[in-house]
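[1] Mind folding the following:
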Amino acid sequence: MVFRRFAVAGISLAATLGAAALAVAPPAAATSRNHPTAISADRAVTAAPGAAARGLAAAPDIDVAKVQAHLTELNNIATRNGGNRKSSGQGYRDSVAYAKSKLQAAGYTVTEQPCTSGCATGAGPNLIAEWPQGDASKVYMFGSHLDSVGAGPGINDNGSGSAALLETALTLAEQHPTMASRARFAWWTDEEQGLNGSDFYVGSLSSAERSKIKAYYNFDMIASTNGGYFINHVTSAAAQPMKAYWDSLGLQPEENTEGAGRSDDYSFERAGIPTSGYAMGASARKTSAQAAKWGGTANRAYDPCYHQSCDTTSNINVTGLNRAVDGIAATLWQVAVGDSTPANDFSLATSPAAGSVDPGASATATVSTATTSGSAQTVKLSATGAPAGVTVSFNPASVTSGSSSTMTVATTSGVAPGTYPLTITGTGSVTHSATYTLTVKGSGGCTGQQLLANGGFESGTTPWTGDTGAIGAHSGQSAHSGSRFAWLGGYGSSASDTLSQTVTVPAGCGKATLSYWLHIDTDENERVAYDTFKVKVGNTTLTTLSNTDAAGGYTQRSVDLSPYIGQRITLTFTATEDSSLQTSFVVDDATLQTG
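    This next block holds a predicted model:
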């Protein structure tokens, strides 16, 4: 939680929210942040309150041990990067990469949003992950800030909220319930400098996109060792699922007066979006009445390690964390998850699930459906993921569940050889999908082509992954061409930056060459390789350069990737610095040319 934010005393929040769909209670003036302490063992409550009456799926009990495992990794990341995860440092970018990799593997649509205005210099990106099911016109957002202050690793503030959201998102993907609305998760940059990441995100939304967000839920410091149980706008409609869950545990939650206007929910409030969230307190002191109700020590800060180096994994109230993450799941399931068993449902499968063809040939498969509940329904078939030169058709294009369709995957003679995963989707009253893997063999000639996308870094960060905050038009370095580049390293402390892109090197060609322009400048004054730059394919290092290769201006470098023809590879640039004296490795205009 940011140390100081705008107080809103004397201003009616109802006026601030204007035409918001859900009324919220006026917040109190900002003070310092609060946190809870352990209390009695929880009762088993796994269904979202009201879920049974509405015929909804029961919310899962989130495994708090898995949340703690995420906290351990965030603590390790901070330890490897100077003891913190501040937004402008490598610790933050590594935190983003950690969460992003897990979310992508779980099937989320994941976006890194660079904060191009209003954020601290060098601040890393916001991380946005949306579960791609449910009504896209109705979005419920769940957010937490991922950065720490510079003084410590920020495990309660705010690894606790970030880890809880990550495990809730992964559980949603694992459970895969029918969704009534979209669930969108956000991990914000630069909160500790003034809510800058969330401000930028909300400001970037069009009015139409803003209107789709029906409520935003914020989680900031939800495991304070001497904490209490606080809810933002506790009497509002948005807060009711959260309050109902904690009420079911007998916790008697209170209004989060300490956190009013001091965390990322405030960015959404000012845009007229209803908000709520859990908190357990920061530097404000627990009252005697609160200690009698919740346990803990009266007249002591909710989090005695607030914004300090002792905010480590030892500074976590596991009981409070468990109650908070289960309440997050209960809220998510109530507001966004649909009926546990659709009235009419079907299954979808492809057989065979893979095919191999020469360029110019076709493959066929049977797409089978079956009615699994209720009545048969019309299912429209479609396919995504086909590369240039590949078309997918269905005969018939729509079937009644219980029937089958013949899928034809046709290729042109010029299609690039390689392996391509296709997603086959059936859309009826619900949506299901299956995977078909197409392999285009390498027979025939070679059509030379350039394979890397956005190698000049002029088109945002996609499809690069890793420490994408290194990409931009940064002051202090210049591009080889255009205005943007990737600045790896340059910290002058122990740090590592990586950028990766996955490509298929088509078969049939005799040569594949990676070329890139690299500028190396350094403050090292010895001819010893203290800081390094490596080019890797998978885990294999192909080239290593160092501070000893520093020179004025850019130098073009090339690497032979011909041994990887016919393979799908992950290409990685990695810069690693030791504990002192910076070396910057500035990359631009990268290409992977076949011929």
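[2] contacts for stretch 105-114?
    96, 100, 103-104, 125-132, 169-170, 173-174, 185, 200-201, 204, 460-461, 468-469, 471-472 (C-beta atoms under 8 Å, 6 or more residues apart in numbering). From N, CA and C alone the C-beta is placed, and that goes for glycine too.
[3] buried set for that stretch?
    Neighbour-count burial for stretch 105-114 flags 106, 107, 108, 110, 111, 112, 113, 114 (criterion: 16 or more other C-beta atoms under 10 Å).
[4] any chance of these in a markdown table, plus pLDDT, secondary structure and distance to residue 503?
    Shown next, in a markdown table, are these (pLDDT from 0 to 100; DSSP: H, G, I helix; E, B strand; the rest coil; distance: C-beta to C-beta, whole Å):
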| residue | pLDDT | secondary structure | distance to residue 503 |
| --- | --- | --- | --- |
| 106 | 87 | helix | 23 |
| 107 | 85 | coil | 21 |
| 108 | 90 | coil | 22 |
| 110 | 90 | strand | 19 |
| 111 | 91 | strand | 20 |
| 112 | 91 | strand | 19 |
| 113 | 93 | strand | 24 |
| 114 | 92 | coil | 23 |
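[5] and which of those is nearest to residue 343?
    residue 107 (25.2 Å; C-beta to C-beta).
[6] where does the stretch 451-595 of the chain have low pLDDT?
    Counting by pLDDT under 70, the stretch 451-595 of the chain shows no low-confidence range.
[7] And for the stretch 1-150 of the chain?
    Ranges of the stretch 1-150 of the chain meeting pLDDT under 70: 2-57.
[8] how about the helices in the stretch 201-350 of the chain?
    207-212, 240-248, 265-269, 288-294, 318-336 (DSSP state H, counting those that start in this stretch).
[9] residues contacting residue 505?
    Neighbour list for residue 505: 418, 451, 512, 561, 564, 565, 566, 567, 568, 569, 592, 594 [criterion: C-beta under 8 Å, 6+ apart].
[10] Drop anything exposed from these.
    418, 451, 512, 561, 564, 565, 566, 567, 569, 592, 594.
[11] Least reliable of the helices of the stretch 201-350 of the chain by average pLDDT, please.
    For the helices of the stretch 201-350 of the chain, mean pLDDT drops lowest on helix 207-212, to a mean of 93.
[12] What separation do you get for residue 587 and residue 570?
    16 Å (C-beta to C-beta, to the nearest Å).
[13] between the two, which one's more packed in?
    Neighbour tally, residue 587 and residue 570, criterion other C-beta atoms under 10 Å: the higher count belongs to residue 587, 25 against 13.
[14] Settle this for me: that one is touching residue 515, isn't it.
    No. At 11.3 Å, residue 587 and residue 515 do not qualify as touching, with contact defined as C-beta atoms under 8 Å.
[15] re the thing from before, would you list the buried entries among the contacts of stretch 105-114?
    96, 100, 103, 125-131, 169-170, 173, 185, 200-201, 460-461, 468-469, 471-472.
[16] quick one: buried residues of stretch 334-348?
    334, 335, 336, 337, 338, 342, 345, 346, 348.
[17] Quick one: those as JSON lines, columns for distance to residue 74 too.
    Formatted as JSON lines, those follow (distance: C-beta to C-beta, whole Å):
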{"residue": "334", "distance to residue 74": "28"}
{"residue": "335", "distance to residue 74": "27"}
{"residue": "336", "distance to residue 74": "26"}
{"residue": "337", "distance to residue 74": "28"}
{"residue": "338", "distance to residue 74": "33"}
{"residue": "342", "distance to residue 74": "38"}
{"residue": "345", "distance to residue 74": "39"}
{"residue": "346", "distance to residue 74": "41"}
{"residue": "348", "distance to residue 74": "38"}
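[18] now, which of these sits nearest residue 488?
    Of the buried residues of stretch 334-348, the one sitting nearest to residue 488 (C-beta to C-beta) turns out to be residue 336, at 38.7 Å.
[19] Please name the nearest non-neighbouring residue to the closest one.
    residue 181 (4.3 Å; C-beta to C-beta, 6 or more residues apart in numbering).
[20] For that neighbour, give me its contacts.
    134, 135, 138, 139, 140, 214, 335, 336.
[21] Swap in 10 Å and give it another go.
    For residue 181, the contact set (C-beta atoms under 10 Å, 6 or more residues apart in numbering) comprises 131, 133-140, 212, 214, 332, 335-338.
[22] Tell me the one of those residues nearest residue 549?
    When the contacts of residue 181 are compared against residue 549 (criterion: C-beta to C-beta), the nearest one is residue 131, at 45.1 Å.
[23] The closest one contacts residue 183, doesn't it?
    Yes. In terms of C-beta atoms under 10 Å, residue 131 counts as a neighbour of residue 183; the distance is 4.7 Å.
[24] Name the residues contacting each of the two.
    108, 169, 172, 173, 332, 336.
[25] May I ask which helix or strand encompasses the nearest residue to the fifth one once chain neighbours are set aside?
    Closest residue to residue 332 in three dimensions, ignoring its sequence neighbours and counting by C-beta to C-beta, 6+ apart: residue 183, at 6.0 Å. Counting by DSSP states H and E, the element that carries residue 183 is strand 181-188.
[26] partner strands of that strand, parallel or antiparallel?
    If you go by DSSP bridges, strand 181-188 pairs up with strand 126-130 (antiparallel), strand 135-145 (parallel).
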